[in-house]
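Participant: based on what follows, work out the 3D shape:
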Amino acid sequence: MSDTAFAARLKPRLAVADRAAREAGRLLLAHYGRREGLAIEQKGLNDFVSNADREAEDAIAAILTPAFPGDGFLGEETGASAVEGAEFIWCVDPLDGTTNFLKGAHNWCVSIGLWWKGEPVLGVIYDPLRDELFAGAEGIPSSINGVPIAVSTIDSIDRTRLGIGHNHRVPPAVFAADAERLLSAGGSFSQVGAGALMLAYVSAGRVDGYFERHMWAWDAVAGLALIKAAGGRFAPYPSGETSLAAGGLVLASGTSLFGALSDLFAIA
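Facilitator: Next up is the predicted model:
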């Protein structure tokens, strides 16, 4: 299949994902204004879910599934459906940065990615508070609200501001060692509690790269597709024989910096 033909298959999916992300964002903003009424559950260490997350995922599925009934769906809150044998798989986090959302902070988003034959090929990440919709796909350059974006051209770690993510699936000592490597090499980092949003920021050159030892597919796929469509690179995801549902390590940046980051964090 030619690149042009594949992009033509992705274009209608990108338009529907845009609509789904905005609808989820509308619902989330309504809940954000009355957070005290949310039903909140703790799924794990510092990991929460509310009825806002679930309603937003239901809204996304209600738009994507009828439009593309042969596609699979892998959502953070509802798991996988119709994945077996599907050519395309939607990877959806209806609310990345739930803790920020529940505390009334900024830095949360809707993330909708598309997976095809072992590759992230489409991404839509929507920040409702700032009304910024990041969108891009194979053959369709990344943009924010239709305005083209590109990854950073920084090429040295001592000029780098990196996003680094941490979760309790990774030992604290490992995270601390990674941060020390970066700081010792002269770099700096940010951590905002919403990995999908940070990947979107990489695609726009707002940070130079992003590194996290483990991310679920619903958080990673959209952002990785955006970064590629914005001219960047990322390490194979998930690596080796790991399944999509199991997630994996994420390292992504502009092309000029990618080799140095790979060496710094010893990523083959």
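
Participant: report the residue spans of the stretch 151-268 of the chain with pLDDT below the cut-off.
Facilitator: Residue ranges of the stretch 151-268 of the chain with pLDDT under 70: 240-241.

Participant: domains in this protein, by residue range?
Facilitator: Annotated domains of the chain cover 3-148, 157-264 [automatic domain parsing].

Participant: show me what contacts residue 190?
Facilitator: With contact taken as CB atoms under 8 Å, 6 or more residues apart in numbering, residue 190 is in contact with 161-164, 198, 207. Glycine gets a C-beta too; all of them are placed from N, C-alpha and C.

Participant: which helix is the longest one in the chain?
Facilitator: Longest helix of the chain, by residue count under DSSP state H: helix 3-32.

Participant: okay if I get the contacts of residue 190 as TSV plus secondary structure, neighbour count and distance to residue 21?
Facilitator: What follows is the contacts of residue 190, written out as TSV (DSSP: H, G, I helix; E, B strand; the rest coil; neighbours: other CB atoms under 10 Å; distance: CB to CB, whole Å):
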residue	secondary structure	neighbour count	distance to residue 21
161	strand	15	26
162	strand	27	26
163	strand	25	21
164	strand	22	25
198	helix	31	17
207	coil	25	21
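
Participant: kindly indicate which of those lies nearest residue 68.
Facilitator: Using CB to CB, residue 198 is the member of these that lies nearest residue 68, at 27.8 Å.

Participant: quick one: the nearest residue to the closest one once chain neighbours are set aside from residue 58, how far?
Facilitator: Leaving aside its chain neighbours, residue 198 sits nearest to residue 163 (3.8 Å; criterion: CB to CB, 6 or more residues apart in numbering). From residue 163 across to residue 58, the span is 29 Å (CB to CB, to the nearest Å).

Participant: ok, residue 243 next?
Facilitator: 25 Å.

Participant: more neighbours, these two?
Facilitator: residue 58 (15 against 9; other CB atoms under 10 Å).

Participant: so the more buried one is in which element?
Facilitator: helix 51-67 (DSSP states H and E).

Participant: the helix or strand just after that helix pairs with which strands, and in what direction?
Facilitator: Per DSSP H and E, the first helix or strand lying C-terminal to helix 51-67 is strand 72-75. Neighbouring strands of strand 72-75 in its sheet, by DSSP bridges, are strand 79-81 (antiparallel), strand 88-96 (parallel).

Participant: among those, which is the most enclosed?
Facilitator: With neighbours taken as mean count of other CB atoms under 10 Å, the strands paired with strand 72-75 reach their highest mean count in strand 88-96, at a mean of 28.

Participant: could you give the angle of that one to helix 51-67?
Facilitator: If you take axes from the mean of the first three to the mean of the last three CA atoms, to 10 degrees, strand 88-96 sits at 160 degrees to helix 51-67.

Participant: can you show me the strands along the stretch 51-200 of the chain?
Facilitator: 72-75, 79-81, 88-96, 109-116, 119-127, 132-137, 140-144, 147-148, 161-164, 188-190 (DSSP state E, counting those that start in this stretch).

Participant: could you dump those strands into a markdown table with distance to residue 223 added?
Facilitator: As requested, those are exported to a markdown table (distance: least, CB to CB, whole Å):
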| stretch | distance to residue 223 |
| --- | --- |
| strand 72-75 | 15 |
| strand 79-81 | 20 |
| strand 88-96 | 9 |
| strand 109-116 | 7 |
| strand 119-127 | 6 |
| strand 132-137 | 8 |
| strand 140-144 | 10 |
| strand 147-148 | 17 |
| strand 161-164 | 10 |
| strand 188-190 | 15 |
